[in-house]
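In: build me a model:
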Amino acid sequence: MRYLARRYGEFNGIKIPDVLNIEKLPVERQRLETRKLTTVESGSIVVLNRVNKLNAREFVRTITEVRTRYPDKIIYLPYFGLPSDYPIIFYLGVDLLDDSPIRMLGNKRCTSEFGLYDGEGCLERNEGEKKRILDLIHLSLEHGKFRELVESHSFSNFSKEALRIVDMEFYPFIEKYMDYRPKRIVAANVEGLYRPEIVDFRKRVIEMKQTAENLLLIPCSAVKPYSRSKTHRILHSFIKYHLPGIQEVIVTSPLGLVPRELESLFPAMYYDIPVTGHWFDEEKRILYDLSKEFFKGKKYSNVFYILPEQEGRLIEIFNESNGISGNLNYENSEKLARILDSYSIKGNRRRKEAVEYSNVLKFLYGVEVKPDDISLKNEGNRQIIEVAGSPVLKKTRGGVQMMKGLAELLASKGVRTIEVSGVFIGNNVFIPGIKAISEDVKPGMEVALVHEGMVVGRGVSHLSFFDLSIERKGIGLDQVTYFSKEL
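Out: Have a look, this model is predicted:
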């Protein structure tokens, strides 16, 4: 797991992130002249001296600039931060803090998540609070819940401002360190709307093509993927004969819009939200703006919907529509079926599938493929997707997986590619067996494996391009398969 710009773990004998005893720092004591410098290098550590700690925007800018300049260094921010601000400081990319701020409070000033208060025995209490927050941070990192911790523990104005600023103004910095490994996402507040994985999804979904002549807008479900939920299965039982001529788009927060073909992919299959039936104004604005972008240039003969009142306002962007305001249930599914029966809805199932796979290739791998070049083969419980006769994807109940044709295409473009030093036994490749990574690779990405100039397999990366410069041990790839056992 990573905390934004850094993999969580041990580097050069130092477990990060951490808050160190001010008297036992792993850096040389600075001289007066070096304290005037913004940054001072001390071996594998960069000391960040001159930071505007009163201005959250300047603070975020300084941290991100230093993190970018020193991707292979441990960043130490001295004399700053009470326990309540530890989560956001580490989230921004700082690796080490010291305990001087809580020591300076003395024995009569206690710190808590909600601020400072007068008390007794505060030295011991503050040390306990430091340990409690650090334990929460490490536990959340181990279980992929650090973003949730940052959102839920941003109590101070500084923490809230810094989180919103980095999300909304420094997305290019965040994007470099995106972690695509599937993990359960809990979007319980407004900050969840700007979580990097959610913003990334919305940016990519805009590029999806129209897959059928008609559009159907429906609400999400608690069960993921949606098509396995009771409500969506009931709907399909009523309208199954019309589906080849209909593009289904699910309306949900915080993702906005989820075309049916993306419902089993990350993050569409991995998010949870509090279901109240009420939307924040910010959620409505994001949904409306995304819808205008997504549907721009798409020409539907008819637009149908079953949507609750809150979500239903997005149909205002269409000139004409026909549907039901309400929840997705048996009664409304039957009503929609009667509406559809009154229209002449025609479609080609194979053609629609080809466009859907064109969308999946674009969404997952950034590959543009014309639907006319895509052909499908059913082999038992799996489906093989070919482009110009070359197998590129294999679809099973467990999802889609890269095949040799796609790996060769990616390697020829120099993207999503990892060079390995050999073909190994087992489905893992350890970091010493990795020679190079293309600059676009991020954790959780499915990548092509190249050995001695030949495409030999595929796997899922645990690393980014930046990580390889500092990682020396551990798993670099998992879920590895080789295209030929003879290699």
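
In: tell me which residues in stretch 264-279 are buried?
Out: Buried residues in stretch 264-279, counted by 16 or more other Cβ atoms under 10 Å: Ser264, Leu265, Phe266, Pro267, Ala268, Met269, Tyr271, Ile273, Trp279. Backbone N, C-alpha and C define where each C-beta goes, glycine included.

In: also stretch 324-340?
Out: Neighbour-count burial for stretch 324-340 [16+ other Cβ under 10 Å]: Ile324, Leu328, Asn332, Ser333, Lys335, Leu336, Ala337, Ile339, Leu340.

In: closest one of those residues to Glu283?
Out: Leu328 (18.6 Å; Cβ to Cβ).

In: pull the contacting residues for the nearest residue to the closest one once chain neighbours are set aside.
Out: Spatial nearest neighbour of Leu328, excluding adjacent residues (Cβ to Cβ, 6 or more residues apart in numbering): Thr231 at 4.5 Å. Neighbouring residues of Thr231 by Cβ atoms under 8 Å, 6 or more residues apart in numbering: Ser221, Asn327, Leu328, Asn329, Ser333.

In: at 7 Å instead, please
Out: By Cβ atoms under 7 Å, 6 or more residues apart in numbering, the contact set of Thr231 is Ser221, Leu328, Asn329.

In: C-terminal to the helix or strand containing it, what's the next element?
Out: Taking DSSP states H and E as the definition, one finds Thr231 inside helix 230-239. Later in the chain than helix 230-239, the nearest helix or strand by DSSP H and E is strand 246-252.

In: residues near the nearest residue to His451 once chain neighbours are set aside, how many?
Out: Computed as Cβ to Cβ, 6+ apart, the closest residue to His451 that is not its neighbour in sequence is Val420, at 5.3 Å. By the criterion of other Cβ atoms under 10 Å, Val420 has 21 neighbours.

In: same check, this time on Gly459
Out: Neighbours of Gly459 (other Cβ under 10 Å): 23.

In: confidence score at it?
Out: With respect to pLDDT, Gly459 scores 96.

In: again with Glu486
Out: So, for Glu486, pLDDT stands at 38.

In: what do you get for Glu379?
Out: 87.

In: distance of it from Lys394?
Out: Glu379 sits 9 Å away from Lys394, going by Cβ to Cβ, to the nearest Å.

In: the more surrounded of these two?
Out: The neighbour comparison of Glu379 against Lys394 (other Cβ under 10 Å) goes to Lys394, with 17 against 8.

In: contact partners of stretch 181-190?
Out: Under Cβ under 7 Å, 6+ apart, the answer for stretch 181-190 is 144, 148, 151, 195, 197-198, 254, 266-267, 270-274, 280, 282, 443-444.

In: in strands, which of those appear?
Out: Among the contacts of stretch 181-190, the members falling in strands (DSSP state E) are Tyr271, Asp272.
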